[in-house]
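J.: Quick one, what's the 3D model for this:
(2 chains)
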Amino acid sequence: AQSVTQLGSHVSVSEGALVLLRCNYSSSVPPYLFWYVQYPNQGLQLLLKYTSAATLVKGINGFEAEFKKSETSFHLTKPSAHMSDAAEYFCAVMGLGGSQGNLIFGKGTKLSVKP
Amino acid sequence: KAGVTQTPRYLIKTRGQQVTLSCSPISGHRSVSWYQQTPGQGLQFLFEYFSETQRNKGNFPGRFSGRQFSNSRSEMNVSTLELGDSALYLCASSSSGGTRETQYFGPGTRLLVL
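T.: Residues are numbered from 1 along each chain as shown, chains lettered A, B, ... in the order given. A predicted model of the protein is given here:
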């Protein structure tokens, strides 16, 4: 069965610093992976997705993620944090087999950006 | 193109009551999925509908049910509400629910059970 682990429920960075949010997945077959962002009192917005094309995926708002099969990781990065990046970020894997058609989410990482 | 809409946005109910939530997908999308978000359990999949048929179901009790209409709009019903049902309920739509497709989320319905 697929699963997702996000290391660190809270991450705090200074404005202008590198953002690194960690995601590791468990899947017996090549996964389809997603990063979503959730602002307070809002739904989820897709940042980027990996569907077995290029391993380095670029998303919106300057975010990117690299798929590393050997490390079963799909970490999210942004070179320079902005105050507006403060939100909760969720990594998700698409279910396969019996769970096809639904997203399996990590617990989320809340990002704080200090001025 | 309008996004996914959910109504109502906020709801307060008491234990034992039932509630119906509504979701209108993006025009042309035929797959609608429902998720429950709570601080303790995070985001959990409830069920998915495609062309008026439930195609996939998560591990929730039978008190949680849903349906989809011919125009792809979907409703979710929770009967005999419990305090633990307090959550943000999110609806997501995609074109056909394929594994490579992006799911677009609505703003959610926040349900409080007293």
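J.: rest of the way, CA atoms for contacts and neighbours
T.: Will do.
J.: In chain A, which residue sits closest to chain B?
T.: Nearest to chain B in chain A, going by CA to the nearest CA, is residue A:43, at a distance of 4.0 Å.
J.: Next one, pLDDT for the closest residue to that residue other than its chain neighbours please.
T.: In this structure, residue A:43 finds its nearest non-sequential neighbour in residue B:107, 4.0 Å apart by CA to CA, 6 or more residues apart in numbering or on different chains. For residue B:107, the model assigns a pLDDT of 94.
J.: Then residue A:47?
T.: For residue A:47, pLDDT reads 94.
J.: Helix, strand, or coil at it?
T.: Put simply, residue A:47 is strand when judged by DSSP: H, G, I helix; E, B strand; the rest coil.
J.: In contact with residue A:25, which residues?
T.: Taking CA atoms under 8 Å, 6 or more residues apart in numbering or on different chains, we find residue A:25 in contact with A:2-5, A:72-74, A:93.
J.: Could you look up the SS state of it?
T.: Classification of residue A:25 using three-state DSSP returns strand.
J.: what's the lowest-pLDDT member of the contacts of residue A:25?
T.: residue A:2 (78).
J.: one step back: does the residue nearest to residue A:43 really touch residue B:5, like I thought?
T.: Yes - contact criterion CA atoms under 8 Å: residue B:107 and residue B:5 qualify, at 7.0 Å.
J.: does the residue in chain B positioned nearest to chain A sit in a helix, a strand or a coil?
T.: With CA to the nearest CA, the shortest gap between chain B and chain A falls at residue B:107, namely 4.0 Å. When classified by three-state DSSP, residue B:107 comes out as coil.
J.: Can you get me a residue count around it?
T.: Neighbour count of residue B:107, defined by other CA atoms under 10 Å in any protein chain shown: 22.
J.: what sits against it?
T.: For residue B:107, the contact set (CA under 8 Å, 6+ apart) comprises A:41-44, B:4-6, B:9, B:90.
J.: Most neighbours out of the residues you listed, which is it?
T.: residue B:90 (28 neighbours).
J.: Next up, identify which helix or strand that one is on.
T.: strand B:87-94 (DSSP states H and E).
J.: downstream neighbour of the strand or helix carrying residue B:54 in the secondary structure list?
T.: Following DSSP H and E, the helix or strand that holds residue B:54 is strand B:53-57. Of the helices and strands lying after strand B:53-57 in sequence (DSSP H and E), the nearest is strand B:64-68.
J.: which residues does the residue nearest the centre of chain B contact?
T.: In chain B, the residue lying closest to the centroid (CA atoms, centre = their mean) is residue B:34, at 3.2 Å. Neighbouring residues of residue B:34 by CA under 8 Å, 6+ apart: B:45-48, B:76, B:89-92.
J.: Strands of chain B, start to end?
T.: B:5-7, B:10-13, B:19-24, B:31-38, B:42-50, B:53-57, B:64-68, B:74-78, B:87-94, B:104-105, B:109-113 (DSSP state E).
J.: Make CSV out of those and add distance to residue A:56.
T.: Below are the strands of chain B laid out as CSV (distance: least, CA to CA, whole Å):
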stretch, distance to residue A:56
strand B:5-7, 32
strand B:10-13, 39
strand B:19-24, 34
strand B:31-38, 28
strand B:42-50, 26
strand B:53-57, 31
strand B:64-68, 37
strand B:74-78, 36
strand B:87-94, 24
strand B:104-105, 22
strand B:109-113, 34
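J.: Of all those, which one is nearest residue A:107?
T.: Between residue A:107 and these, the shortest separation by CA to CA is 5.6 Å, and it involves strand B:42-50.
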